[in-house]
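In: Pasting a predicted model and its sequence here:
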Amino acid sequence: MTKKRERLWVMIAGPYGSGAATEADRARNLEVMNKAALEVFEKGHVPIIGVNLALPVIEAAGADRYDEIMMPLSLALSERCDAIVRIGGPSEGADAEVHCVKARGGRVYFQVSDLPEA
């Protein structure tokens, strides 16, 4: 009998606004995270991106509440994840998400290919 591997909730952490001068830059950063999320899904896990949770809430609240909403929601979400994949360049927010997952004993990966199949 083959033992079924664990299905993990895996946060994808990377720059969104860091180093992004325009909305197009932010959209490209999010696209990179979304593509990584698809790879995580294809490995049998549940991909999570804090930006994807926060942006609709920010849109409803108004852009002036971005700082009040983005990181608090992203960090709260990271508290529920089993693992995290840190991709891309410099980002204090992504690094904070990694710290949160790691502090709870969660697994940290730096490329999706290192994540085991579920």
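Out: That came through fine.
In: C-alpha only now, for contacts and for neighbours.
Out: OK.
In: how about the helices in this structure?
Out: 23-42, 50-61, 66-78, 92-103 (DSSP state H).
In: Mind putting these into JSON lines with mean neighbour count and mean pLDDT?
Out: Shown next, in JSON lines, are the helices of the chain (neighbours: other CA atoms under 10 Å; pLDDT from 0 to 100):
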{"stretch": "helix 23-42", "mean neighbour count": "17", "mean pLDDT": "97"}
{"stretch": "helix 50-61", "mean neighbour count": "16", "mean pLDDT": "98"}
{"stretch": "helix 66-78", "mean neighbour count": "17", "mean pLDDT": "97"}
{"stretch": "helix 92-103", "mean neighbour count": "19", "mean pLDDT": "97"}
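In: Out of these, which is closest to Gln111?
Out: helix 23-42 (8.7 Å; CA to CA).
In: Go ahead and measure how far the closest one is from the middle of the chain.
Out: Put simply, helix 23-42 sits 9 Å off its chain's centre (CA atoms, centre = their mean, to the nearest Å).
In: Now stretch 7-15: buried residues?
Out: By 16 or more other CA atoms under 10 Å, the buried positions in stretch 7-15 come out as 8-15.
In: neighbouring contacts of it?
Out: 29, 33, 36-37, 40, 44-50, 78, 80-91, 93-95, 97-98, 118 (CA atoms under 8 Å, 6 or more residues apart in numbering).
In: for stretch 54-71, same thing?
Out: The contact list for stretch 54-71, computed with CA under 8 Å, 6+ apart, reads 50-51, 73-74, 93.
In: now Ala61: how far from Ala54?
Out: 10 Å (CA to CA, to the nearest Å).
In: ok, now Ala27?
Out: Ala27 is 14 Å from Ala54, by CA to CA.
In: Tell me the bridge partners for Arg107.
Out: In this entry, Arg107 is beta-bridged to Ala83, by DSSP bridges.
In: ok, how many other residues are close to it?
Out: 17 (other CA atoms under 10 Å).
In: show me the contacts for it.
Out: 82-84, 101.
In: Just the pLDDT at it, thanks.
Out: pLDDT recorded at Arg107 is 97.
In: Redo the buried residues of stretch 7-15 as a markdown table? Include distance to Val112 and pLDDT.
Out: What follows is the buried residues of stretch 7-15, written out as a markdown table (distance: CA to CA, whole Å; pLDDT from 0 to 100):
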| residue | distance to Val112 | pLDDT |
| --- | --- | --- |
| Leu8 | 13 | 97 |
| Trp9 | 13 | 98 |
| Val10 | 10 | 98 |
| Met11 | 11 | 98 |
| Ile12 | 9 | 98 |
| Ala13 | 11 | 98 |
| Gly14 | 13 | 97 |
| Pro15 | 16 | 97 |
